[in-house]
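Colleague: this one's sequence-less:
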């Protein structure tokens with residue numbers, strides 16, 4: 001960048017204005033000042049005005065008579081309002097001031113995503129690489145992402161929060177340093193451990209190891225991420241029992257976790273206590289090979305997602321061809337479908353997420369194909 005292109009010092013007075021073309025300056029001014037309450041800052045020329053600058057509600061814009069397509073003002077308000085067209089052509093649309101959490105109805109499907117299929121990695125927020133684990137996201141009801149950062153070090157993240165119903169971060173490989181609102185100093189999330197990020201809890205990713213990989217679950221699939229420029233983390237308050245929209249922050253550690261016979265025959269599990277801390281919104285378990293042979297079973301959850309972290313197994317689901325799965329593969333099972341986790345290797349390790357949870361599993365004598 002040359003000297004002439006250098007941005008001005010932040011100490012110098014600066015204003016930024018957005019241009020809105022208009023075909024009727026006088027008509028627009030009347031509506032925007034009288035009805036919407038914007039303040040007129042400047043108008044010119046005096047004898048036959050063609051340009052006016054208005055401000056209000058955190059915006060500053062320039063109305064100018066010119067031969068250009070009209071623009072749009074987004075009016076953020078929780079008061080319902082129909083779209084409005086100003087005399088000069090500008091469109092005013094209303095959107096909620098507080099982002100709404102819309103939960104699409106789940107479109108149940110048996111879906112398998114295999115790592116060998118080479119689903120594309122895309123660059124997402126803060127330079128992280130994302131791979132989608134559910135091809136159609138069950139109609140927008142859930143997103144499951146395999147996220148990696150090949151080169152470790154500081155992460156260019158900012159304090160932010162999500163307007164979300166449920167969100168899980170499971171550290172699959174490597175480690176990552178995180179900090180959360182009201183949860184004390186930064187801590188290291190290591191492989192095998194997980195956190196849930198309750199709705200709207202402020203947080204920030206600080207540092208990551210080389211080749212860090214995490215599995216992130218979000219419900220619904222599309223949700224708003226908001227940057228909080230005012231909060232610094234860690235914050236002074238420490239309140240680990242605080243409820244965020246009815247959910248508590250959870251940092252589950254694999255070390256010291258208790259393994260029990262799982263509801264799924266042939267496996268043992270460690271419960272992350274997420275069901276308890278979310279009031280049954282979701283349950284998250286890690287499964288390993290246990291005693292006995294796996295049998296056909298069905299579940300009653302709305303959403304049931306499984307990621308193969310280690311080992312191999314064959315997923316057999318009624319009405320579908322059997323598929324041999326390995327580390328990095330994932331699948332979803334609709335409620336009521338009869339499925340068997342067949343021929344699991346001795347080193348099998350699975351991440352299972354059920355919403356709501358915990359799911360009730362029922363053995364069935366029906367065969368699978």
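Modeller: Here it is on my side, so go on. Keep in mind it's a predicted model, so treat the numbers as computed, not measured.

Colleague: and the end-to-end length of stretch 97-116?
Modeller: Terminal residues of stretch 97-116 lie 43 Å apart, using CA to CA, to the nearest Å.

Colleague: average model confidence for it?
Modeller: On average, the pLDDT along stretch 97-116 is 88.

Colleague: ditto for stretch 16-29
Modeller: Taken as a whole, stretch 16-29 has an average pLDDT of 95.

Colleague: Direction included, what does the one helix or strand in the chain whose mean pLDDT sits lowest pair against?
Modeller: Least confident element among the helices and strands of the chain, by mean pLDDT, DSSP states H and E: strand 122-123 (a mean of 80). Sheet pairing of strand 122-123 (DSSP bridges) gives strand 129-132 (antiparallel).

Colleague: Could you tell me which residues within the partner strand count as buried?
Modeller: Buried residues in strand 129-132, counted by 16 or more other CB atoms under 10 Å: 129-132. Yep, even glycine has a C-beta here, placed from its N, CA and C like the rest.

Colleague: Low-confidence stretches in this protein?
Modeller: Applying pLDDT under 70 to the chain picks out residues 1-11, 118-119, 125-127, 365-369.

Colleague: what about the residue nearest the centre of it, which SS state?
Modeller: Nearest residue to the geometric centre of the chain (CA atoms, centre = their mean): residue 218, 4.7 Å. Of the three states, residue 218 takes strand according to DSSP: H, G, I helix; E, B strand; the rest coil.

Colleague: hang on, it packs against residue 169?
Modeller: No: in terms of CB atoms under 8 Å, residue 218 does not count as a neighbour of residue 169; the distance is 9.8 Å.

Colleague: and the residue located most distally from the centre of the chain, which of the three is it?
Modeller: The C-alpha centroid of the chain is most remote from residue 47, which lies 53.7 Å away (CA atoms, centre = their mean). Classification of residue 47 using three-state DSSP returns coil.

Colleague: Give me the nearest residue to residue 19, chain neighbours excluded.
Modeller: residue 62 (5.2 Å; CB to CB, 6 or more residues apart in numbering).

Colleague: Run the chain-centre distance for the helix or strand harbouring that neighbour.
Modeller: Using DSSP states H and E, the secondary-structure element containing residue 62 is strand 59-65. Centroid separation between strand 59-65 and its chain, computed with CA atoms, centre = their mean, to the nearest Å, is 35 Å.

Colleague: Can you check which helix is longest in the protein?
Modeller: Secondary structure of the chain per DSSP state H: the longest helix is helix 25-30.

Colleague: Contacts for it, please.
Modeller: Here helix 25-30 makes contact (CB atoms under 8 Å, 6 or more residues apart in numbering) with 22, 40, 49-52, 54, 63-65, 86-88, 90.

Colleague: all helices for the stretch 1-150 of the chain, in order.
Modeller: 25-30, 137-140 (DSSP state H, counting those that start in this stretch).

Colleague: Flag every buried residue along the last one.
Modeller: So that's helix 137-140. 137-138, 140.

Colleague: Packing partners of that helix?
Modeller: When contacts are defined as 3 or more CB pairs under 8 Å, 6 or more residues apart in numbering; DSSP states H and E, helix 137-140 packs onto no helix or strand at all.

Colleague: how does it look with 10 Å?
Modeller: With contacts taken as 3 or more CB pairs under 10 Å, 6 or more residues apart in numbering; DSSP states H and E, helix 137-140 sits against strand 143-149, strand 212-219.
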